[in-house]
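[1] sequence plus the predicted model coming up.
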Amino acid sequence: MVRQFGEVLLAIAIAPLFAGWIGQCRAWLQNRSAPPLTQPYRMLRKLFHKDAALATDASPLFRTTPYILFGTMVLAAAIIPSVATDLPFARAADAIALIGLFATARVFLSLAAMDIGTAFGSMGARRDMMIGFLAEPALLMVLFNAFLLTGSTALPSVVESSTAHAFPIDPSLVFAAVAFLMVLLAENARIPIDNPATHLELTMIHEAMVLEYSARHLALVEWSSDLKLFNYACIGFALFLPWGIATPGADGSLALGVAVIALLAKLLVAGAALALIETLSAKLRIFRAPEYLATAFLLAVLGLLVHLLLGA
Amino acid sequence: MRPSNLIAELLKLLAASLLLISFAMLSRRRTQRLITLFAWQGSVLFVSTLLVAYSAGLTELYYSAALTLALKVIALPWILHRLIQRLGAQWDSEPLVNIPTTMLVGLGLVIFAFGLAQPISRMATTITRHTIGVALAVIFLAFLMMITRRKAITQVIGFLAMENGLFFAATSATYGMPMVIELGIALDLLVGFFILGIFFFQIREQFDSLDLSHLESLKEE
Amino acid sequence: MDLLIVLGLPLLGALLLALFGERTWAAELNAGVSFATLVAVGFLVLRVLRHGSLLALHEQFFVDSFNVFLVALTAFVGFTTALFSRPYMRIEEQRGHLSQRRLRLYHSMYQLFMAAMFLALLTNNMGLLWVAMEAATLSTVLLVSLYRTRASLEAAWKYFILCGVGIAQALFGTILLYFAAERVLGQQGMTALLWTHLNAVKGQLEPRVLGLAFVFLLVGYGTKVGLTPLHNWLPDAHAEGPTPVSAVLSGLLLNVALYAVIRCKILVEGSIGSYLPGRMLMGFGLLSAVLGAFFLWRQRDIKRLFGYSSIEHMGIITFAFGIGGPIANFAALLHMTVHSLTKSSIFFTAGHASQTAGTQQMDGIRGLVGISPTIGWGLMLGSLAILGMPPFGVFASEFLILTTAMREHPWTTPFLLVALGVAFAAIFRKVQPMVFGESDAPPLPHSPALVPVFIHLALVLMLGVYMPFVLADWYRVAARLIGG
């Protein structure tokens, strides 16, 4: 139980740092002077100190949504075996429930966005639902790849059985990894689909939805989207780079220490890679998003096929 | 784990990346990206040939790996780059109809290819026998790419990618063809490529464009 | 030794012509090299006649009665086409269609093409056969685009891409063949692709792999034969290339491609032990014959017209090989011979006819008999011959094919009859007004070389009424070899 709490607290603490790291890498790659790593924390602190302003038409739903968002993301972080596999929550729910959690968060955010009744909010909600609707099957397919390999739908067992092999990379995972990366970028409002740094009306998706939030509400929304990115990254690590995650057989605290260091190292590399991808690619028009996500879906299906046909 | 087992796993991984590159080629619009992908395909081919050569202990295969490196990773992509620069076509991109549909067709082709390759895979004794289906799929996907594209250069890249698939098929089914034949094939490829290069200039001179939709006057009336 | 000369002479010629192709005597040199090749082939033929089939150079080359007759045919038509091209290309040059440098390219590539075809015919190695076929494609691509007009570039591009893709399929088939052979013949590499070795062990080759290999080989080499639905390149390449190239494409290259298919068929049939490959050939052949005949109706360009006629005839030959058995094979070999002789002579006259009229559109060609009786009558006789009128040789071979088909596969007879009938009506209706009728076009500046036309037609006539013993014997041995 202590470990479980430790893991969740670590996730909550590191998530903004991860977002900050990506921002810093992006700034370097674009020859800008980078904001400090702690920038997201300062933002959060500043927002928490402000007084919240609510629209006159805001319903209780609007007000409670940030807490629900944050809660679901924390719960998701508890389920994902980012540091160790023998955690009570991680055993309690499998990856499909995880996707359900993400979907819940999305539904609430969209409802809240439409709650005020502004044009931008509805537009953002509509687009976000469309992307989610297309991304979810792709994500499921990616997960099926891993399930098929390991014979389990729970992430901890996936991690355990793939770390047990000396050579855990199956050919099908190459496809799944590319598909997963595409879904990750789409789901977290990153560049080929959305631009987290833009406030240009016509292109924004995520920003359009949170436009009406301020102060502590906005802080929670931002924090939970940082957590979402962190969670996705950890799912990716569990599926494709499971090295270092503490498994039950391993020696207690030492393994845990190694796992935390491994996680940090992976986040460091992944953040740089994400920043690189975002810098190199151009934003797609929103009409291209279905095409993009369908490609991800097909790639994941292809992974399944390759697995079945290569007779691994 | 035994090293040969590890090599077999690695080869499968490389085969999968080959297939992935083929799919990426199907969905790329920019000509320059395609050339880069082609070079990547060549390098994957090179590495896998090296691995096969090492595991089977065949000197001949080292030569053909060297041939692959020289021709498909260095020479052809370089010439292609130069060519599109001379033609001023480096920023060309082409409209593609419906990438998901193309990919879906490609998916069907992959299944078909694996089905075709099944009896061969079962009989082969090579370490790479499982990847024959991938080789066939790469050939089919290159074929699909040639059908769906309208630009001369992209068709040629499709053609070259098809040749890559054939080469992969040869190494995975039989540890490569006899050296004489392989040299002959490489020579033909090179000559054909130069002829195509000449063609690009002639086509552009005549039509002011490398778009093949201009080349549709000869039809059955 | 004569083998090496046969292969080396055209290569040497290609080199010489690449160096001196801009001289005025390049055309004569071209014809001279072709003649020397023909003589060398004559010696080779004599040797094969005397000693039977032979293997040479570490078994890499192989001559039997099947390919030696094709070699002889190739050398002969190659020589007569070189004769024909001399005045023809000169007229083209005078009219400003071609420059000296293009002529150099033309002559050099012509010899290279001949070399590639001899290599394809003589090699014993299925891999080298593929390489040679590809080389033949490459050399003719440059020939088809010789005029550098939009249409010729388009035709050459189509030719290259379609045949390139096709031949890639053939390479995959060859790989599969090697794969199957390697399991039986061991991994020494050098012998596993030799046709004679494969033929000796064909019963042990894995049937499923060979069946698959045959599909790829048939599609691959079949593209070059011009079998429907893979024929798209053929009419364009024939219409847009210079006429001598159309003549050698139709008269020789298609034959060589079909030769490759048949060599594969012999192996595969021996391995599978069923009639499946034969049936596939019959199906493709029948389809090509019928569709080719129907396409004839819609043609306006004289060279396209005869290009489609080539598709039809290659279809008939493929069909006959598909039936198999001594008689059908005999008929197919005979038809191969007479078709390439007749079709090249038709292209000779059609080339001069369109030069006279200044257009390839048949509407613009009128009254050839009035302008130049030899061209007019040449075209008329050639058309009659290709349409299977007795007493020409085409009649004999078509008659044999038809009767064999009637006996062995009666259901195919109506299709064949329809194809022949439609082709007859289409071609005759179009040729007749071109030959007769009124015209005021001036005669050509150079006297056309029509001796080859009449030699070809005379040979075809001779094959129709009397077949020399030697030739008949050849055909019989080859027919038995092909079996099926």
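    Structure's in. What do you need? What you are looking at is a predicted structure, and each value in this text was computed from that prediction instead of being measured.

[2] from here on, just use CA atoms for contacts and neighbour counts.
    OK.

[3] low-confidence stretches in the chain?
    Unless you meant another one, I'm taking chain A. Confidence mapping of chain A against pLDDT under 70 gives the ranges A:165-169, A:196-203, A:249-252, A:311-312.

[4] should've been chain C
    Using pLDDT under 70, chain C drops low at C:187-190, C:484.

[5] who in it is up against chain B?
    Proximity of chain C to chain B, by Cα under 8 Å from any Cα of the partner chain, involves residues C:127-128, C:131, C:134-135, C:138, C:142, C:148-151, C:153-155, C:157, C:161, C:164-165, C:168, C:171-172, C:175-176, C:178-179, C:182, C:189-190, C:208-209, C:236, C:298-299.

[6] return the subset of those lying in helices.
    Judged by DSSP state H, these include C:127-128, C:131, C:134-135, C:138, C:142, C:150-151, C:153-155, C:157, C:161, C:164-165, C:168, C:171-172, C:175-176, C:178-179, C:182, C:208-209, C:236 as members of helices.

[7] just the buried residues of the residues you listed.
    C:127-128, C:131, C:134-135, C:138, C:142, C:150-151, C:153-155, C:157, C:161, C:164-165, C:168, C:171-172, C:175-176, C:178-179, C:182, C:209, C:236 (16 or more other Cα atoms under 10 Å in any protein chain shown).

[8] quick one: the helices in the stretch 201-312 of chain A?
    Secondary structure of the stretch 201-312 of chain A, counting by DSSP state H, counting those that start in this stretch: helices at A:206-209, A:215-240, A:252-280, A:289-310.

[9] Serialize these to a markdown table and add fields for distance to C:Leu471 and mean neighbour count.
    Output for the helices of the stretch 201-312 of chain A, formatted as a markdown table (distance: least, Cα to Cα, whole Å; neighbours: other Cα atoms under 10 Å in any protein chain shown):
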| stretch | distance to C:Leu471 | mean neighbour count |
| --- | --- | --- |
| helix A:206-209 | 84 | 24 |
| helix A:215-240 | 71 | 23 |
| helix A:252-280 | 71 | 17 |
| helix A:289-310 | 54 | 23 |
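
[10] wait, which of the ones you listed is closest to chain B?
    Of all those, the one in closest proximity to chain B, counting by Cα to the nearest Cα, is helix A:289-310 (5.7 Å).

[11] tell me, what residue is most central in chain B?
    The centroid of chain B falls nearest to B:Ala161 when counting by Cα atoms, centre = their mean (1.7 Å).

[12] the residue lying closest to that residue once chain neighbours are set aside and C:Thr174: what is the separation?
    Distances taken as Cα to Cα, 6 or more residues apart in numbering or on different chains place B:Ala142 nearest to B:Ala161, at 5.8 Å, with adjacent residues excluded. Per Cα to Cα, to the nearest Å, B:Ala142 is found 19 Å from C:Thr174.

[13] which of these two has more residues huddled nearby?
    Neighbours per residue, other Cα atoms under 10 Å in any protein chain shown: of B:Ala142 and C:Thr174, the larger number sits with B:Ala142, 28 against 25.

[14] got the contact list for residue 272?
    With no chain named, the answer covers chain A. For A:Ala272, the contacting residues are A:Trp21, A:Ile22, A:Cys25, A:Arg26, by Cα atoms under 8 Å, 6 or more residues apart in numbering or on different chains.

[15] switch to chain C, please.
    C:Ile272 neighbours (Cα under 8 Å, 6+ apart): C:Gly203, C:Glu206, C:Pro207, C:Arg208, C:Leu210, C:Gly211.

[16] you'd agree C:Gly367 is up against C:Gln432?
    No. Using Cα atoms under 8 Å as the test, C:Gly367 is too far from C:Gln432 to be in contact (9.3 Å).

[17] looking at these two, which is more packed in?
    Neighbour totals were compared for C:Gly367 and C:Gln432, and C:Gly367 leads with 22 against 17 (other Cα under 10 Å).
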